[in-house]
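> Here is a sequence with its predicted model. Questions after.
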Amino acid sequence: MRSLLQQFKKRRLALGLKQSDMMLRVGVSRQQYQFIESKGNPRLDTLDLIAKGLNSEIVLVPKDKLDQVRALLESKDIDREKTSESENTASKALSDDPWKGLLEDNG
């Protein structure tokens, strides 16, 4: 849980938001949000609201796929500003299937 709460804080800071900004985005007071971020044990629906307020999603990743998912997420994003048709095609293919079957169950 701690890692998820740290990720929320990191994402909030990356968006340039204060804890008090979360009241309008999520519907919890600054004090409630501060508690959640520091040591709270929020309900699943609260976690989902916070993620949405941070323009994010919570994703369940199988442990055996975690390293692959992290590598994918840490890799550089495709430069969407390039106008080359082949690059636009590659970008569309990635947006159609960004995981490229990575989370499929191997049986």
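Thanks, I have the structure now.
> Show me how the protein divides into domains.
For the chain, automatic domain parsing gives the domain ranges 2-53, 63-96.
> Please identify the deepest-packed of these.
domain 2-53 (a mean of 15; mean count of other CB atoms under 10 Å). Heads up, the C-betas are built off the backbone N, CA and C, glycines and all.
> And what about residue 60, helix, strand or coil?
coil (DSSP: H, G, I helix; E, B strand; the rest coil).
> hang on, residue 49 packs against residue 26?
Yes. Using CB atoms under 8 Å, residue 49 is in contact with residue 26, at 5.0 Å.
> that older thread, any idea which of the domains of the chain has the lowest pLDDT on average?
Sorting these by mean pLDDT places domain 63-96 lowest, at a mean of 63.
> contacting residues around residue 27?
residue 49 (CB atoms under 8 Å, 6 or more residues apart in numbering).
> nope, residue 20 is what I meant
By CB under 8 Å, 6+ apart, residue 20 lies in contact with residue 30.
> And the helix or strand harbouring residue 35, what does it pack against?
Element membership for residue 35, per DSSP states H and E: helix 30-39. With contacts taken as 3 or more CB pairs under 8 Å, 6 or more residues apart in numbering; DSSP states H and E, helix 30-39 sits against helix 2-14, helix 22-26, helix 44-53.
> Make a markdown table out of those helices and add distance to residue 73.
Supplementary listing: the helices and strands packed on helix 30-39 in a markdown table, determined by distance: least, CB to CB, whole Å:
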| stretch | distance to residue 73 |
| --- | --- |
| helix 2-14 | 11 |
| helix 22-26 | 23 |
| helix 44-53 | 15 |
